[in-house]
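Engineer: Need a 3D model of the sequence below.
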Amino acid sequence: MDLSTAVTATISTLRRRPADLLPFYFLGTAVPVIARTGLLVALAGMYLHFEITGRIDDVRGALGGIDATPPDPEDPDAIERWVEGIAPAVEPLVTPTAVALLVGGVAVTALLAIVTYTAVSAGRMSAVIARLRGERGLTAGIAGVREHWVAFLGLYVAEFLLWAGVLLLASVAVGVAFAVSPLLGAVVALGALLVGVVVLVAVRIVFAFAPAAVVVDEVGAFGGLDGAGEFVRANPVDAAAYLVVAVGVLVVVSSVASALAFVGGGAVVALASAVVAAPVLDLLKTGLYGDYRDAVDPVDPPEERVRDQFVSGVRRGMAELVRFVGHTPGLHALVVAIGVGSGVLGWTAAEPLVGTVPASIEARLAGHVPPAATLSFFGNNWTVALSTAFGGIALVIPAVFSVAFNGVALGATAALEEDLPTLVAFVAPHGVLEIPALVVSGALGIHLGIVAWRTLRGRRSRARFADSLENAFRVLIGVGVLIAVAAVIEGFVSPYYWRPFL
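Structural biologist: This is a model prediction of the structure:
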C-alpha cells in the first residue's frame, strides 16, 4: 500500500462509521480532567485543614488591612512590592500538612495522567486496527485497554529514556570538548548536533510505528519495537513519507494555533488536533503497517456525500440528545444540584475577597473580536463538555468534580464581579443554551461512569458498553450544536444588546 492509497483508506475508514472510532479520541480530551482529580482532592483537603485550624480567618483578617489588587503585570518593581506585601498575609497557609497534601496531590495527578494517557492510547490504536479490518472498533478498543496498556507504557518510557540519553551524551561530549579547547568544542557541538538529529529522527520513526506493531501483531513493547524496526528497514520510503506528513500536520496545526492565539481562537485548533488530526495520523500509520503485515482490509467509502452525512449526523445527534435527557431526568437534577451547590460554595468562599480582588465583565470584553471570540467560546466550551462526559468513565468522580469545579469558578466570578447586573445581562442570552448543554454533559459523564462500573463488575458486556460510548458520541454531537449556537450568540449578541439599557 503506497501513501496515496493509505490516505484514501484513512478517509474512507473515518467516514464509514465515525461513531465507532472517535469516542476514544473524545476520551483523550478527558485525560486532564481525570488526572486533575488528585490535585482537586488535595486542594479540598488543604481548604478543610485551613478551616479547621482557623488559618482561613487569619488570612482574611490580614488581607483586609492591605490592598491586594494585583498591579500592572508589565511593571516588575510593582509586582515585587505587591508580592512582598501579600506574602506575610498568606504565610499562615504554609504548613507541613498543606505542603504534604499539595505534593501528594501533584504526584497522584502525574501518575493518573501517565496511566490514563497510556490506557487511552492503547484503546485508540486497538480501535483503529479493528476499523481497518472492517470490525467493530469500540469493542476492540475496550479490550485493547486491558491487553496493551502495559506495552504502550513501556514504549513511552523507552522513547523518553532514549531521547534523554542521546541529549545527555551529546551535552557531556560537548562540555568535555569545550573544556579542552573552544575550537574543539565548536567542532564537537556541530558533530553532536548532526548525529543527534539523525539518531533522534530514526528513534521517532521507529517509535511512531511501534504502537501500530503492538496492536497488529498482538505483541509487547519489545515485539512492537522489533516489528516497527523491521517495517522501517523494509519500507523506508513509506516510513519517511509518513514522517513528512506527520511533521506537516504538526506545522500546520502549530501555525494556525499561533495565528489564532492572538485573537483567542487557539482552543478550536487544539480540539481539531485532538479529534481530527490524531485519528487521521493513527489510521494512516496503522494502515501502512497493517498492509505490510497483510492484516488490514480497508472499508469502502460511504456512498453518501460528505455534506449529507454531516447533516444527517447533526440531526441524529439532536435526536439522541433529546432522548437522553428524557430518559435520565434524575441524573440531570443531580447535576443541577451539584452545580448550584458548588456555585454557592464559590460565592461564599470568594465573598471575603470582594473589593480586594475585583473582577469586571467590561474589562474582560475589552478588545472583543466577535468572530475570534465565537471560535474561542465554542472550542473551550465543547472541550469542557467532551472532557466532562468522557471523564465520567473513570467511575463518575471526574465528571462530578468537573461540574463542581466549574460551579465554584462561576460562583466566585459572580461574587467578585463589580457590576453584577451587567454580568447577568451578558450571560443570559447564550446561557439559556450553554448551561443546559453543560448540564447534559455532566449527566452523561455520570451515566458513563455507572455503565463503566457495571462493565468492570461483569454486569454489562463490552458490546453494551460500546453501545453506550457510541450513543454518548451522538449525544455530544447534539451538545456541540447547542454550544455552537450559544457561541455565536455570545460572540455577536451578548456583549452588545444590553448597553442601551444598563
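
Engineer: from here on, contacts and neighbour counts on C-alpha atoms
Structural biologist: Will do.

Engineer: Quick one: distance of the longest helix along the chain to the chain centre.
Structural biologist: Counting by DSSP state H, the longest helix found in the chain is helix 137-180. Distance of helix 137-180 from the chain centroid (CA atoms, centre = their mean, to the nearest Å) equals 21 Å.

Engineer: Mind giving me the packing neighbours of it?
Structural biologist: helix 22-28, helix 96-132, helix 182-217, helix 221-234, helix 462-492 (3 or more CA pairs under 8 Å, 6 or more residues apart in numbering; DSSP states H and E).

Engineer: so what does the longest one touch, helix or strand wise?
Structural biologist: What it means is helix 96-132. helix 22-28, helix 31-35, helix 37-53, helix 137-180, helix 182-217, helix 278-292.

Engineer: Mind doing that once more with 10 Å?
Structural biologist: With contacts defined as 3 or more CA pairs under 10 Å, 6 or more residues apart in numbering; DSSP states H and E, the packing partners of helix 96-132 are helix 3-16, helix 22-28, helix 31-35, helix 37-53, helix 137-180, helix 182-217, helix 278-292.

Engineer: Verify the stated contact: A415 with P358.
Structural biologist: Yes: contact criterion CA atoms under 10 Å: A415 and P358 qualify, at 9.2 Å.

Engineer: Compare the two (neighbour count), which wins?
Structural biologist: Between A415 and P358, A415 has the larger neighbour count (other CA atoms under 10 Å), namely 25 against 15.

Engineer: Let me see the contact set for that one.
Structural biologist: Contacts for A415 (CA atoms under 10 Å, 6 or more residues apart in numbering) come out as 343-344, 346-355, 358-359, 409.

Engineer: run the last query once more with 8 Å
Structural biologist: By CA atoms under 8 Å, 6 or more residues apart in numbering, the residues touching A415 are W347, T348, A350, E351, V354.

Engineer: how many other residues sit next to the closest residue to V166 other than its chain neighbours?
Structural biologist: Distance criterion CA to CA, 6 or more residues apart in numbering; nearest residue to V166, sequence neighbours excluded, is G196 at 6.8 Å. Using other CA under 10 Å, G196 has 17 other residues around it.

Engineer: so how far is A210 from G196?
Structural biologist: As judged by CA to CA, to the nearest Å, G196 and A210 stand 21 Å apart.

Engineer: Reformat the helices and strands packed on helix 96-132 into a markdown table and put distance to G248 and mean pLDDT next to each item.
Structural biologist: Below are the helices and strands packed on helix 96-132 laid out as a markdown table (distance: least, CA to CA, whole Å; pLDDT from 0 to 100):
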| stretch | distance to G248 | mean pLDDT |
| --- | --- | --- |
| helix 3-16 | 14 | 85 |
| helix 22-28 | 21 | 95 |
| helix 31-35 | 25 | 94 |
| helix 37-53 | 35 | 89 |
| helix 137-180 | 22 | 93 |
| helix 182-217 | 14 | 91 |
| helix 278-292 | 11 | 94 |
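
Engineer: so which of the ones you listed comes closest to A486?
Structural biologist: With CA to CA, the closest approach to A486 among those belongs to helix 22-28: 20.8 Å.

Engineer: From the chain's centroid, how far away is that closest one?
Structural biologist: Worked out by CA atoms, centre = their mean, helix 22-28 lies 10 Å from the chain centre.

Engineer: and the host helix or strand of A89, which residues are buried?
Structural biologist: Using DSSP states H and E, A89 maps to helix 76-90. Going by neighbour count (16 or more other CA atoms under 10 Å), the buried part of helix 76-90 is W82, I86, A89, V90.

Engineer: Out of those residues, which is nearest to G491?
Structural biologist: Relative to G491, and with distances defined as CA to CA, the nearest of these is W82, at 34.8 Å.

Engineer: Quick check, pLDDT for that closest one.
Structural biologist: pLDDT for W82: 73.

Engineer: what does the one 4 residues further on give?
Structural biologist: Looking at I86, its pLDDT is 77.

Engineer: again with D57
Structural biologist: pLDDT, read off for D57, is 76.

Engineer: so how far is V336 from F377?
Structural biologist: With distances taken as CA to CA, F377 is found 22 Å from V336.

Engineer: What residues does D2 make contact with?
Structural biologist: D238, L288 are the contacts of D2 under CA under 8 Å, 6+ apart.

Engineer: Give me the phi and psi angles of E417.
Structural biologist: For E417, the backbone dihedrals (degrees, to the nearest 10) come out as phi -60, psi 130.

Engineer: quick one: contacts for the closest residue in space to it that isn't next to it in sequence?
Structural biologist: With sequence-adjacent residues excluded and distances taken as CA to CA, 6+ apart, E417 is closest to A359, at 4.7 Å. A359 is in contact with T413, L416, E417, E418, counting by CA under 8 Å, 6+ apart.

Engineer: still on that earlier bit, right, so of the helices and strands packed on helix 137-180, which gets closest to H447?
Structural biologist: Of all those, helix 462-492 sits nearest to H447, with 9.0 Å by CA to CA.

Engineer: Now do that closest one against helix 137-180, angle only.
Structural biologist: 70 degrees (axes from the mean of the first three to the mean of the last three CA atoms, to 10 degrees).

Engineer: buried sites along helix 462-492?
Structural biologist: Per 16+ other CA under 10 Å, helix 462-492 contains these buried residues: 462, 465-492.
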